[in-house]
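Asks: return atomic coordinates for the entry below.
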Amino acid sequence: MKTLKYLHLAWSKTGSMNHARRDHAAFTLKNGKVLVCGGFDNGAMASAELYDPSTENWTTIDSMNNARGEHTVSLLNNGKLLITGGLSSREFLNSTELYDPSNETWTITGSMNDPRGEHMASVLTNGKVLVSGGYGNGHWLNSAELYDPSTEIWTTTGSMNSARSQHTSSVLPNGRVLVTGGHISRDALNSAELYDPSTETWTTIDSMNGTRSEHTASVLMNGNVLVTGGFDNNARGSAELYNPLTGLWTITGSMNHKRWKHTATVLANGKVLVIGGFEHNALTSAELYDPLTETWTIIDDMNVARGEHTTSVLANGKMLVTGGSPGGTSLKGAELYLSLQTN
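Replies: Numbering: from 1, shown residues only. Reported below is the predicted structural model:
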């Protein structure tokens, strides 16, 4: 069920990045600044920069040791950020590195057992990082591995039941990890499985109602997981919910706009903000999902159409949207939004 209600939001342009980029990674640091690293712009990039919300300016910092896009970034319990894999200009990578916000430096850490890009990474409740799937060495991967920050060593763990890339990976309240969808070659998947850190095994669960790749999955405050959009020969507008208590998938309200390669963020009020992505072309549209009513509300459009971008929640409550692609090129522009409605 859709809604035609509009919610007024204040979008504003902010300082542009020093480098245009898409398929990059971004993370809000504990000091409030936002780190952006890597991505693509006429090839893979190693450059990194910091956004300061107090000045709305970007500062170039030391580059990563390896140029990469379609990589992952994870916050470790020791405050460092772990960057894994991705695609360089010539090959998929097994290299990983650490960013230390205290001195703004990059150091190489243990390499993964398999080179991979288009994979997913999740920080487990025990502090280790689970990396799953992706593409590397000429094939789609079902392998998974664990990074131990105390030893900086990767160890192979149980493999998924299905190879997949551009899937989602979500840590549930019970500590297990839900993996959904993705694709093998041109075939989008509806399969889903659970990883149990205590046994290091995967269990196939009920499939989603729709096949989808390059979609989003968001863990809601009630513990359910909202899956939105994605691609299966065409952009999808459907959404569905996974209930960890029952193990069942149920269809929920569809988005007002079909989209893939978008972003979805759970806000402090429990609603989910979906921004941009592609349908036939890049989108400026944004909308909010309300878990209480299972409906979507259209909000004001961004200033620039984009997919393959990032979104980061700032300490001041604003949302920072960076880079991405309008289709075929990379963007350096960034923008902010702040809801004028708090409930």
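
Asks: give the buried residues for stretch 154-174.
Replies: Within stretch 154-174, the residues that count as buried by 16 or more other CB atoms under 10 Å are 154, 157-160, 162-172. Every residue, glycine included, has its C-beta placed from N, CA and C.

Asks: which one of these is nearest W58?
Replies: Closest approach to W58 among these (CB to CB): Q166, at 28.0 Å.

Asks: if I pick that closest one, what's in contact with it?
Replies: Applying CB atoms under 8 Å, 6 or more residues apart in numbering to Q166 gives the contacts E118, G182, H183, S213, E214.

Asks: looks like the first one contacts V131 (just checking).
Replies: I take that to be E118. No: with contact defined as CB atoms under 8 Å, E118 does not count as touching V131 (11.7 Å).

Asks: so which of the buried residues of stretch 154-174 are in strands?
Replies: Counting by DSSP state E, those place W154, T157, T168, S169, S170, V171 in strands.

Asks: with distance to S238 and pLDDT added, can I get those in CSV?
Replies: Below are these laid out as CSV (distance: CB to CB, whole Å; pLDDT from 0 to 100):
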residue, distance to S238, pLDDT
W154, 36, 98
T157, 32, 98
T168, 15, 98
S169, 20, 98
S170, 18, 98
V171, 24, 98
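
Asks: which one among the residues you listed gets closest to A48?
Replies: W154 (22.7 Å).

Asks: is it true that the closest one touches Y147?
Replies: Yes: shown here, W154 and Y147 form a contact pair, counting by CB under 8 Å, at 5.3 Å.

Asks: mutual contacts of these two, please.
Replies: Overlap of the contact sets of W154 and Y147 (by CB under 8 Å, 6+ apart) consists of T96, G110, M112.

Asks: tell me if I'm right that the last one and I83 touch.
Replies: No: under the contact definition of CB under 8 Å, M112 does not touch I83, with a separation of 11.4 Å.

Asks: what is in contact with these two at once?
Replies: T96.

Asks: more neighbours: these two, which one.
Replies: I83 (28 against 21; other CB atoms under 10 Å).

Asks: where's the more buried one relative to Y99, distance?
Replies: Look at I83 and Y99: by CB to CB, to the nearest Å, they are 7 Å apart.

Asks: equivalent analysis for G138, please.
Replies: 30 Å.

Asks: and these two? Which one has more around it.
Replies: Neighbours were counted for G138 and for Y99 using other CB under 10 Å; Y99 has more, 23 against 6.
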